Every structure is written in C-alpha cells, then in structure tokens.
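**Student:** would you be able to build a 3D model of this:
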Amino acid sequence: MDREEFIYLLRREAYPEPEEVHRDPNGHLDNHTHPFEVKALVLSGSIDLMFEHQIKTYGPGDIFHLEYEQVHAETYGPQGVHYLAARKQSTF
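**Tutor:** Residues are numbered from 1 along each chain as shown. As a prediction, this is how the structure comes out:
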C-alpha cells in the first residue's frame, strides 16, 4: 500500500491524520502498551512486533495495527524504520 491509499483508508476508518515516526537502526522497546489504538504504514526499513510470543516483521508497504493497551515489544531493523502512524483515542 502506498501513502495516498493509506491516508484514504484512515479517513474511511475515522482515524486522525498520521504522524511520521523514525526509529534508530537496531533499536528496540521492551513490552509496553499505548493508551490508544494505532494503525501504521511502513515507508522504509523494517520493524518486528512481538505479541504473546509471536513475532511478525513489517517492511515497506505493510500496515500494522495495535489495539488499545495491547502488550507488545518492538525491534527495528539494521536500517531503522520510518512509518506513518495514526493514533485513535479509545471511546471507553
């Protein structure tokens, strides 16, 4: 998926405008949560997301989704990662 298609998808699903995120090469974040839902499009590099003992790798053109308060860890590839992330506040 490209940037234009992703922004169209976000608007259809009532997400706010995305922000650009850059993470350093070979970086990581241990288990954590976010007080919002995230939908993101990887523009370059790669990110590994670990959920409940499963690891999934996302690269350019891939979309990843994190639920509100979903426990996960992140590892960034040798080129780091650059992605667009839209954060939707919970309606709870």
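
**Student:** leaving out sequence neighbours, find the closest residue to the residue most central in space within the chain.
**Tutor:** The chain has A40 as the residue nearest its centroid, 3.9 Å off, counting by C-alpha atoms, centre = their mean. Excluding the flanking residues, the one nearest A40 by C-beta to C-beta, 6 or more residues apart in numbering is A85, at 4.1 Å. Bear in mind the C-beta positions are built from the backbone N, C-alpha and C, glycine included.

**Student:** and stretch 60-80, how far out from the chain middle?
**Tutor:** 4 Å (C-alpha atoms, centre = their mean, to the nearest Å).

**Student:** next, the distance between the ends of it.
**Tutor:** Start-to-end span of stretch 60-80 (C-alpha to C-alpha, to the nearest Å) is 12 Å.

**Student:** got the buried residues for it?
**Tutor:** F64, L66, H72, E74, T75, Y76, G77, G80 (16 or more other C-beta atoms under 10 Å).

**Student:** ok so, going back, thought E19 was touching the residue nearest to A40, still the case?
**Tutor:** Yes - counting by C-beta atoms under 8 Å, A85 touches E19, with 5.8 Å between them.

**Student:** which of these two has more neighbours?
**Tutor:** More crowded of A85 and E19, by other C-beta atoms under 10 Å: A85, with 18 against 11.

**Student:** wasn't the more buried one part of a strand?
**Tutor:** Yes - assessed by DSSP: H, G, I helix; E, B strand; the rest coil, A85 belongs to a strand.

**Student:** begin at 648, not 1, for the rest of this chat.
**Tutor:** Sure, I'll start numbering at 648, so the last one becomes A732.

**Student:** cross-check the contact I'm expecting between H679 and V718.
**Tutor:** Yes - between H679 and V718 there is a contact at 7.4 Å, judged by C-beta under 8 Å.
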